[in-house]
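Engineer: A structural model of the following input is requested.
(chains A, B, C and D)
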4 protein chains.
Amino acid sequence: MKLGMIGLGKMGSNMAKRLINFNHEVVVYDVNIDNVNSLKKYGAIASNSIEELINLLPEQKIIWVMVPAGEITENLINKLSNLLSKNDIIIDGGNSNYKESERRASFLKEKKIEFVDVGTSGGIWGLTEGYCLMVGGKKEVFEKTEPLYRSLAPENGYIYTGPSGSGHFVKMVHNGIEYGMMQAYAEGFELLHSKKEYDLDLHEISKVWDHGSVIRSWLLQLISNIFEDKDYIKDIRGYVPDSGEGRWTVEEAISQSVSMPVITLSLMQRFRSRKEETFSDKVLAALRNQFGGHEIKKGDK
Amino acid sequence: MKLGMIGLGKMGSNMAKRLINFNHEVVVYDVNIDNVNSLKKYGAIASNSIEELINLLPEQKIIWVMVPAGEITENLINKLSNLLSKNDIIIDGGNSNYKESERRASFLKEKKIEFVDVGTSGGIWGLTEGYCLMVGGKKEVFEKTEPLYRSLAPENGYIYTGPSGSGHFVKMVHNGIEYGMMQAYAEGFELLHSKKEYDLDLHEISKVWDHGSVIRSWLLQLISNIFEDKDYIKDIRGYVPDSGEGRWTVEEAISQSVSMPVITLSLMQRFRSRKEETFSDKVLAALRNQFGGHEIKKGDK
Amino acid sequence: MKLGMIGLGKMGSNMAKRLINFNHEVVVYDVNIDNVNSLKKYGAIASNSIEELINLLPEQKIIWVMVPAGEITENLINKLSNLLSKNDIIIDGGNSNYKESERRASFLKEKKIEFVDVGTSGGIWGLTEGYCLMVGGKKEVFEKTEPLYRSLAPENGYIYTGPSGSGHFVKMVHNGIEYGMMQAYAEGFELLHSKKEYDLDLHEISKVWDHGSVIRSWLLQLISNIFEDKDYIKDIRGYVPDSGEGRWTVEEAISQSVSMPVITLSLMQRFRSRKEETFSDKVLAALRNQFGGHEIKKGDK
Amino acid sequence: MKLGMIGLGKMGSNMAKRLINFNHEVVVYDVNIDNVNSLKKYGAIASNSIEELINLLPEQKIIWVMVPAGEITENLINKLSNLLSKNDIIIDGGNSNYKESERRASFLKEKKIEFVDVGTSGGIWGLTEGYCLMVGGKKEVFEKTEPLYRSLAPENGYIYTGPSGSGHFVKMVHNGIEYGMMQAYAEGFELLHSKKEYDLDLHEISKVWDHGSVIRSWLLQLISNIFEDKDYIKDIRGYVPDSGEGRWTVEEAISQSVSMPVITLSLMQRFRSRKEETFSDKVLAALRNQFGGHEIKKGDK
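Structural biologist: Residues are numbered from 1 along each chain as shown, chains lettered A, B, ... in the order given. Okay, here's the model as predicted:
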């Protein structure tokens, strides 16, 4: 198929490449001209503006949006809504909040523009291994654009999830689970690490667990990469950002009155990781001193 | 090799079969004679007592113990310690507490009997897929018995972890991680399930996530089996036992002052699952009534 | 002072009575005429409609709104905004979300109507013991209405918290803390209760802890009321509602990237309390069966 | 009554003083001679050794042990068991594990020495406000020593809890609740603190909450002391030790299969507070980089 791809970051550029590998014609645009040129060398059709990109596409234009969620996606889709025509298709493959996707689908529907929300998993490995895609929107628009998903995903690696928003909803929950799994592994390896008297080889253990154990997984294979160089983990900081979907998962749980302790605490541990110390811990230390006369530490850590 | 296998439950009988498949000579014993007969048909050498089993083994006898952890393992190893001779080898492949294994190794050392603690993962699938084995004890005893692990495990599926106790320690942490991963998946699927307006197909989602997504894993494949029959999950109760290793993991975390919120709460959710309601929830309901006059529900649920 | 009080539920009627006790003139209205009549007997000035209530007030009318948060408060304040004049004062003493209070203050400011958000704590005991009041809004409007707070609160029991929204914000956090404290007590008493071999007297323990122990508190005194009749707790159900402020506290924590494990889990335990069993627990039970062949319970609990 | 008091730290010396204030005759001993001399000036009878202390007591000697739990208490009680005679009474008022107290009661029973386990709450304020005492042991020995508890406690501030161990058990749960309450307050104040746009006055809020609010408590009064000097909290470190009873509470919960998320996480937050960063957070940061190419921070915090 011929499509436009806007946003050539880590995810967008790799997805464009994979589509080119599968013989799609990909017109690309990015605010960074270097990214455009790089894709041009790979076989993409370059464009210097969103308008030019649109002009280079045939009737019933298909534009894949792969830019940061939030304001940037919002502005881009608003701009596209003014430039596109009836029956054109916008695919948001980024990590948008599913409620935004529901809202955008309604807004675009008024303009007769089709909207597809695609949850995309696979990270930087997707180029070679394929992306797992969760696709929400009208069934017939999904079918119209299905050749793209078939190329981007590995075998059996894409799914039509239902109405607009459902693709990003399923991806959101996927990421919530990811937080919990990561935290479970991280806690386990910390306990192995802290058992100094056994001097355990974390690299060997992470490798062996991937062969026949109940906890074998792709994440475990990546953990094994981490421990390949014993010094690597020593030099990095335990500062763990989050990209929004974990928060939304917890907010969804709260709004549905569903208890999700493990995913929620995985998120909160990330918050904690970004601080050297917390105000609440200071209050605790001071309070122990108040009632018990317990010693307080002062000054820098 | 020729070895004795005591304990022919789900795990022990499958492990005996896999050893037989790999041309080891396996003398078997179980308190249940049916289990012994069943293995005999499969090619094992039957015995009617522990004493007979021992007599059927050559010099430097090797006995694999695969019985429930705790008192049964304790009594069996005590009994074996009185029947075996210098240089004989006891392998405990069950889910024993690593501290017990440390203690047993010391106790058997006084009698010059060798002891190996083997953490075994893989469940009922181990017969065909192989078991992941974590082996603690003396290096030379590990090497002496290595042909057994090579046959039981898939390729790259066993490891020498270090001194006595370390095999069961690593397996304990493995199970702790397993609790956390299971809970993360379970919470995610509950959130998908509770989003009634999307009417999501949990079976299809569990399958697609196994192709290219970040959370693909063996456990996810098993989850996909669960959702194959839509009615299955409706008919079962959410009663979740635990077999001890999760508790020990948390106790170890506490004794090492390591914060492990996710694994710990996974354990506590299991405790909660076994009760229709808790005393603490009653106290909360009554207390809300006390200060706010909020309504209290009475009678049966 | 002379003021109007709209909303004569458990909180509103007691607050009206306390104001009357302190010689304020209180014009009351409620959708339920019985509540109005009841207050009339207590000394309030009755009204049959919001319009009548407004007419009965002098210049720079002061109206205290004490109705359920959310839609009912929203509709009432919208209605009042059309009936009141410049410099009139609306006081929202209910449990409104602080963001709504910020928005309402802005909206009313356009109409030159003053708005005060008052977080009110004390429950059904406030009539006799006084209410703790956290007051947000313009400083001069706070001062203008201060005689009301002085009468409603016990000595030193009210505070000017700052700009509009801050009163309800501080009350929201108060309730978050309340959730955590209640859960801490509840868990402790469950552990005492489950120690069957000691046959502990929870009533005596709750009483003695209130004399000299570190955990003495007003909530503990209420807990002691609960255990006065030993059979009471047996007959009630552990079904624990929540009224919104716990949720908002957690959402605020997430939006500020603050880790609040204890308050968050207190909320989630309440969600859990309302279900006999969870979908996630069913998934766990089924998954244990999948990999380990562990038994599954079926049928009704 | 006349009694011996061994251990004159913060708790022991204040308790000796309070007993003296109530006209008991207190023979004191401490490894630190300065502590003994200090109490002598206060009216105690000094002794230079445990043997001398024992000699100074009349028949049916009563010795109150107030030394650090664990090894020091163990050694002291063992020594006393060799020096005391039939019907003498040892009271352990420290924070011993209740299982140790059960064991010590049995051990001393063989020697016909009586043992009382007293859980003591109140901290450094006990001297003036009295201590809350939870007393386990034989009923008649409790009654024999009751004058001491009556003097040490405020009115209604002591209780006979039941058999040996139960006093320390109830005190252990008390401390578990204390952890949860403290954490709930600390989290709430952190959220108030982090709401920069409101510039809230934590001192005023902590004070007002103590008048009429649902969360009023003694701990809250102490929190209000903390915020009296605005700079105090800035200068101290959020390093929060624990003294054992929180751990035992969680271990007891696990051994009884009781879910106690809030008390458990309060403990784990303390573990976390003592580390600048954790190994698990490093694993998370590295893992995000593995699958998503997300940036990693290096070097010192």
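Engineer: in what helix or strand does residue A:94 lie?
Structural biologist: Secondary structure assignment for residue A:94, by DSSP states H and E: no helix or strand.
Engineer: does it really touch residue A:70, like I thought?
Structural biologist: No. Applying Cβ atoms under 8 Å, one finds residue A:94 not in contact with residue A:70, separated by 9.2 Å. Using the backbone N, CA and C atoms, a C-beta is placed for each residue, glycine as well.
Engineer: So which of the two has more stuff around it?
Structural biologist: residue A:94 (26 against 14; other Cβ atoms under 10 Å in any protein chain shown).
Engineer: list the contacts for the more buried one?
Structural biologist: A:7, A:11, A:65, A:66, A:67, A:68, A:69, A:73, A:120 (Cβ atoms under 8 Å, 6 or more residues apart in numbering or on different chains).
Engineer: Next step: the residues you listed restricted to strands.
Structural biologist: If you go by DSSP state E, the contacts of residue A:94 have A:65, A:120 in strands.
Engineer: Chain D: which of the contacts of residue A:94 is nearest?
Structural biologist: Closest approach between the contacts of residue A:94 and chain D, by Cβ to the nearest Cβ: residue A:11, at 8.8 Å.
Engineer: Contact partners for the residue nearest to the closest one when sequence neighbours are not counted?
Structural biologist: Closest residue to residue A:11 apart from its sequence neighbours, by Cβ to Cβ, 6 or more residues apart in numbering or on different chains: residue A:66 at 5.7 Å. With contact taken as Cβ under 8 Å, 6+ apart, residue A:66 is in contact with A:5, A:6, A:7, A:8, A:9, A:11, A:12, A:15, A:93, A:94.
Engineer: and the longest helix seen in chain A, what's its mean pLDDT?
Structural biologist: Longest helix in chain A, counting residues (DSSP state H): helix A:166-194. Across helix A:166-194, the average pLDDT comes to 98.
Engineer: how about stretch A:198-214: buried residues?
Structural biologist: A:198, A:200-214 (16 or more other Cβ atoms under 10 Å in any protein chain shown).
Engineer: How about stretch A:292-301?
Structural biologist: So for stretch A:292-301, counting by 16+ other Cβ under 10 Å, buried means A:292, A:294, A:296.
Engineer: can I get these in JSON lines with distance to chain C?
Structural biologist: Listed next are the buried residues of stretch A:292-301 as JSON lines, based on distance: Cβ to the nearest Cβ, whole Å:
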{"residue": "A:292", "distance to chain C": "8"}
{"residue": "A:294", "distance to chain C": "12"}
{"residue": "A:296", "distance to chain C": "17"}
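Engineer: List the single closest residue to the most centrally placed residue in chain A in space, sequence neighbours excluded.
Structural biologist: Nearest to the geometric centre of chain A sits residue A:95, at 5.6 Å (Cα atoms, centre = their mean). Leaving aside its chain neighbours, residue A:95 sits nearest to residue A:69 (4.7 Å; criterion: Cβ to Cβ, 6+ apart).
Engineer: Over to residue A:264?
Structural biologist: Nearest one to residue A:264, counting by Cβ to Cβ, 6+ apart, is residue A:250 at 4.9 Å.
Engineer: picking that back up, phi and psi next, for the residue nearest to residue A:11.
Structural biologist: phi -140, psi 60 (degrees, to the nearest 10).
Engineer: quick one: pLDDT of it?
Structural biologist: 98.
Engineer: Please apply the same query to residue A:300.
Structural biologist: pLDDT recorded at residue A:300 is 56.
Engineer: cool, residue A:294 as well?
Structural biologist: You'll see residue A:294 listed with a pLDDT of 87.
Engineer: again, but for residue A:235
Structural biologist: Reading off the model, residue A:235 has pLDDT 89.
Engineer: and the nearest residue to it once chain neighbours are set aside, what are its bridge partners?
Structural biologist: Take residue A:235 and drop its neighbours on the chain: the residue closest to it by Cβ to Cβ, 6+ apart is residue D:298, 5.7 Å away. Assessed by DSSP bridges, residue D:298 has beta-bridge partners residue A:236.
Engineer: which ones are touching residue D:298?
Structural biologist: Contacts of residue D:298 (Cβ under 8 Å, 6+ apart): A:235, A:236, A:237.
Engineer: what residue ranges in chain A are flagged as low confidence?
Structural biologist: A:299-301 (pLDDT under 70).
Engineer: Would you mind giving the domain segments of it?
Structural biologist: A:2-163, A:172-277 (automatic domain parsing).
Engineer: so which of these is the most packed in?
Structural biologist: Mean neighbours per residue, mean count of other Cβ atoms under 10 Å in any protein chain shown, is largest over the domains of chain A for domain A:172-277, with a mean of 22.
Engineer: What's the end-to-end length of that domain?
Structural biologist: Distance between the two ends of domain A:172-277: 30 Å, counting by Cα to Cα, to the nearest Å.
Engineer: distance between that domain and the chain's centre?
Structural biologist: 16 Å (Cα atoms, centre = their mean, to the nearest Å).
Engineer: what about stretch A:195-204, near chain D?
Structural biologist: No. Using Cβ under 8 Å from any Cβ of the partner chain, stretch A:195-204 never reaches chain D; the gap is at least 9.2 Å.
Engineer: what sits against the nearest residue to residue A:188 once chain neighbours are set aside?
Structural biologist: Excluding the flanking residues, the one nearest residue A:188 by Cβ to Cβ, 6+ apart is residue B:177, at 3.8 Å. Taking Cβ under 8 Å, 6+ apart as the criterion, residue B:177 is in contact with A:184, A:185, A:187, A:188, A:215, B:263.
Engineer: what ranges do the strands span in chain A?
Structural biologist: A:2-6, A:25-29, A:45-46, A:62-65, A:89-92, A:114-121, A:132-136, A:158-162.
Engineer: Could you dump those into a markdown table with distance to chain D added?
Structural biologist: Formatted as a markdown table, the strands of chain A follow (distance: least, Cβ to the nearest Cβ, whole Å):
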| stretch | distance to chain D |
| --- | --- |
| strand A:2-6 | 18 |
| strand A:25-29 | 19 |
| strand A:45-46 | 24 |
| strand A:62-65 | 19 |
| strand A:89-92 | 18 |
| strand A:114-121 | 9 |
| strand A:132-136 | 12 |
| strand A:158-162 | 19 |
